[in-house]
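Trainee: sequence-free structure coming up:
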């Protein structure tokens, strides 16, 4: 038997990988796969759309969204067949750990029942699928008991139902009567199976961390590495903190909220590591207000450098809402940087790239880093100069790249008259803008007009990157608008891929989806 190495101090997403399988550590709060076409990518979609070597991943088993821990994906047809058979014949063994505030009269017992679905829950009854779970109390963490659960069958919510029915509801599992906590404290701690190729018995272990601070830190498990140190740590109600948004920028944290920080929010922020934590108010009429330091030091007004996908960008907390980089577009910048958009959909060397509404030119930096020649358009001369700084931060010569100040519609017309064509046109407008030349632009109403103006600039066989952060604009309507515009423009879609907002911006009924993106190859 081979024992996988124990978890390092920083949680890593991939526990083990070889030519036939991948074992991942799923963070709590992340679906195994997307529950609907326009929801956040699940762990499965995020992996297969991230790296070519993961493009053929297959789901072999699932973990509940609320459950963290080890799960295995197959990488080849033969491996999928072997792993599926192992699960069906109970050759795979799984062990879970969970915390409970309850008390059971026994220290070990087996629970058997038949489970049927009743709304969002599962209940035991005379009908349904047979389920069997073995429980054993193994210790304590503070006032809570630590239990081990070994499911002999693989039914949905099986451990949660059986724990609740025996007086030990899982901490944080409100659906089944668990005491309140930041997360559902259930973790897939051990996984043992046969390697599909060698037949060698593999065993993996992953220790859980159910602390409240660890829950927020898990976000970095699948984002932060040597190439990226900035992401969203807390996304409002979706992460259990309505009205509070916290972004990590290297060693600094920026918290945003419409109201003053509550005592609970201040306590949360005080527990974060780093050089400094700042807070800014989200006002209905934003001005130039700088962020206020909550703890530690504040970054200087000249700004500081963050890393994303191996590139550097200037960030600043002294420019009101303009931090300098939109974190929700991180995965799309990675796609441009790597050229891998999705399985069987690649972006070759970018060639000529037109970046409309360029802001501080982060997309342009990605394209230039791959050898592309960029043209960046923005109304603000100041932000384009910020973009030039981003070029210089990455040792990219500014010469040979264009930075055009002015109205996008006006520049689209000028470029078209000049006969300019681009291999990639990036259209990511603000939700609302106003210019002397074009007047008021509202994404939900005017995106079709914008796409129609951009389309003639896309070279035959080139790419259109269409994106909007208009929350009221439904994904179905946005997609239909772009497709209809391309058809009316006399062009044909060769290939397309829809991308929702990244998983560190989770979608929730109180925190609905807002970012919608399409990569489109047009004939």
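Mentor: Nice, I can see it. Please read all numbers here as calculations on a predicted model, not as lab measurements.

Trainee: what packs against the longest strand belonging to the chain?
Mentor: The longest strand of the chain (DSSP state E) is strand 129-141. Counting by 3 or more C-beta pairs under 8 Å, 6 or more residues apart in numbering; DSSP states H and E, the packing neighbours recorded for strand 129-141 are strand 108-118, strand 144-151, helix 158-165. From N, CA and C alone the C-beta is placed, and that goes for glycine too.

Trainee: In that strand, which residues have enough neighbours to count as buried?
Mentor: 131, 133-135, 137 (16 or more other C-beta atoms under 10 Å).

Trainee: repeat for stretch 488-498
Mentor: Applying 16+ other C-beta under 10 Å to stretch 488-498 flags 489, 491, 496-498 as buried.

Trainee: Check stretch 408-427 too.
Mentor: Quick answer for stretch 408-427 (16+ other C-beta under 10 Å): 408-412, 415, 421-427.

Trainee: Which ones among the residues you listed map onto helices?
Mentor: In this view, these that belong to helices under DSSP state H are 408-412, 415.

Trainee: Need the winner for burial among the helices and strands packed on strand 129-141.
Mentor: Neighbour counts (mean count of other C-beta atoms under 10 Å) averaged over each of these peak at helix 158-165, with a mean of 23.

Trainee: Next secondary structure after it?
Mentor: Where DSSP states H and E defines the elements, the next helix or strand beyond helix 158-165 is strand 186-194.

Trainee: That next one pairs with which strands, parallel or anti?
Mentor: Applying DSSP bridges to the sheet, strand 186-194 is found paired with strand 68-74 (parallel), strand 93-100 (antiparallel), strand 201-205 (antiparallel).

Trainee: ok, residues contacting that strand?
Mentor: If you take C-beta atoms under 8 Å, 6 or more residues apart in numbering as the criterion, strand 186-194 is touched by 1, 23, 26, 63-64, 66-72, 82-83, 86, 91-98, 159-160, 170, 173, 200-208, 210.

Trainee: which among the residues you listed end up buried?
Mentor: 23, 26, 63-64, 66-72, 82-83, 86, 92, 94-98, 159-160, 170, 173, 202, 204-206, 208, 210.

Trainee: does residue 90 belong to a helix or a strand, and which?
Mentor: Counting by DSSP H and E, residue 90 is part of no helix or strand.

Trainee: Skipping adjacent residues, who's closest to it in space?
Mentor: residue 152 (6.7 Å; C-beta to C-beta, 6 or more residues apart in numbering).

Trainee: With residue 318 instead?
Mentor: residue 301 (4.3 Å).

Trainee: Secondary structure class of the one you found, three-state.
Mentor: coil (DSSP: H, G, I helix; E, B strand; the rest coil).

Trainee: Spit out the contact partners of residue 370.
Mentor: With contact set as C-beta under 8 Å, 6+ apart, residue 370 has these partners: 336-337, 339, 349-350.

Trainee: Distance of it relative to residue 265?
Mentor: Separation of residue 370 from residue 265 (C-beta to C-beta, to the nearest Å): 41 Å.

Trainee: Over to residue 497?
Mentor: 37 Å.

Trainee: Which pLDDT value goes with the spatially closest residue to residue 397 that is not a sequence neighbour?
Mentor: Residue nearest to residue 397 in three dimensions, not counting chain neighbours: residue 391, with 7.5 Å by C-beta to C-beta, 6+ apart. pLDDT for residue 391: 98.

Trainee: where's residue 391, which helix or strand?
Mentor: Applying DSSP H and E, one finds residue 391 within helix 381-393.

Trainee: Can you list the strands that the next helix or strand after that helix pairs with?
Mentor: Sequence-wise, the next helix or strand downstream of helix 381-393 (DSSP H and E) is strand 402-405. According to DSSP bridges, strand 402-405 forms sheet pairs with strand 373-378 (parallel).

Trainee: Can you spell out the domain ranges of this protein, please?
Mentor: 2-212, 226-306, 326-522 (automatic domain parsing).

Trainee: do you know which of those lies nearest residue 315?
Mentor: Nearest to residue 315, of all the domains of the chain, is domain 226-306, at 5.0 Å by C-beta to C-beta.

Trainee: that older thread, show the backbone phi and psi for the residue nearest to residue 318.
Mentor: Torsion angles at residue 301 (phi, psi; degrees, to the nearest 10) stand at phi -60, psi -20.

Trainee: So that it lines up with my notes, have the first residue be 53 from now on.
Mentor: Sure thing, new numbering starts at 53, so read that last one as residue 353.

Trainee: Please report the distance of it from residue 368.
Mentor: 7 Å.

Trainee: Settle it for me: which of those two has more neighbours?
Mentor: Each of residue 353 and residue 368 has its neighbours counted (other C-beta atoms under 10 Å); residue 368 has more, 21 against 10.

Trainee: Please give me every residue in contact with the residue nearest to the more buried one when sequence neighbours are not counted.
Mentor: In space, and not counting its chain neighbours, residue 368 is closest to residue 355: 3.8 Å by C-beta to C-beta, 6+ apart. Neighbouring residues of residue 355 by C-beta under 8 Å, 6+ apart: 366-368, 370, 376.

Trainee: try 10 Å this time
Mentor: For residue 355, the contact set (C-beta atoms under 10 Å, 6 or more residues apart in numbering) comprises 365-371, 375-376, 438, 441.

Trainee: now residue 154
Mentor: Residues near residue 154 by C-beta under 10 Å, 6+ apart: 196-197, 199, 215-216, 218-223, 229-231.

Trainee: Just give me the neighbour total for the residue nearest to residue 449.
Mentor: So residue 443, with other C-beta under 10 Å, has 21 neighbours.

Trainee: same check, this time on residue 294
Mentor: 12.

Trainee: Pretty sure it sits in a strand.
Mentor: No: counting by three-state DSSP, residue 294 is not part of a strand but coil.

Trainee: do you know how far it is from residue 69?
Mentor: Here residue 294 is placed at a distance of 38 Å from residue 69 (C-beta to C-beta).

Trainee: a strand runs through residue 547, doesn't it?
Mentor: Yes: counting by three-state DSSP, residue 547 is located in a strand.

Trainee: farthest-separated two in the buried residues of stretch 460-479?
Mentor: Spatially, the most separated pair among the buried residues of stretch 460-479 is 462 and 475, at 22.4 Å (C-beta to C-beta).

Trainee: which element is residue 571 on?
Mentor: Applying DSSP H and E, one finds residue 571 within strand 568-574.

Trainee: and that strand, what's its mean pLDDT?
Mentor: Averaging pLDDT along strand 568-574 gives 98.

Trainee: How many residues are close by residue 298?
Mentor: Neighbours around residue 298, by other C-beta under 10 Å: 24.

Trainee: where's it, which helix or strand?
Mentor: strand 297-301.

Trainee: That strand packs against which elements?
Mentor: Packed against strand 297-301 by the contact rule (3 or more C-beta pairs under 10 Å, 6 or more residues apart in numbering; DSSP states H and E) you find strand 282-287, strand 304-309, helix 315-322, strand 328-333, strand 356-360, strand 363-367.

Trainee: Let me have those in JSON lines, extended by mean neighbour count, mean pLDDT and distance to residue 557.
Mentor: Shown next, in JSON lines, are the helices and strands packed on strand 297-301 (neighbours: other C-beta atoms under 10 Å; pLDDT from 0 to 100; distance: least, C-beta to C-beta, whole Å):
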{"stretch": "strand 282-287", "mean neighbour count": "22", "mean pLDDT": "94", "distance to residue 557": "5"}
{"stretch": "strand 304-309", "mean neighbour count": "22", "mean pLDDT": "95", "distance to residue 557": "13"}
{"stretch": "helix 315-322", "mean neighbour count": "14", "mean pLDDT": "91", "distance to residue 557": "18"}
{"stretch": "strand 328-333", "mean neighbour count": "20", "mean pLDDT": "94", "distance to residue 557": "18"}
{"stretch": "strand 356-360", "mean neighbour count": "19", "mean pLDDT": "97", "distance to residue 557": "15"}
{"stretch": "strand 363-367", "mean neighbour count": "20", "mean pLDDT": "98", "distance to residue 557": "18"}
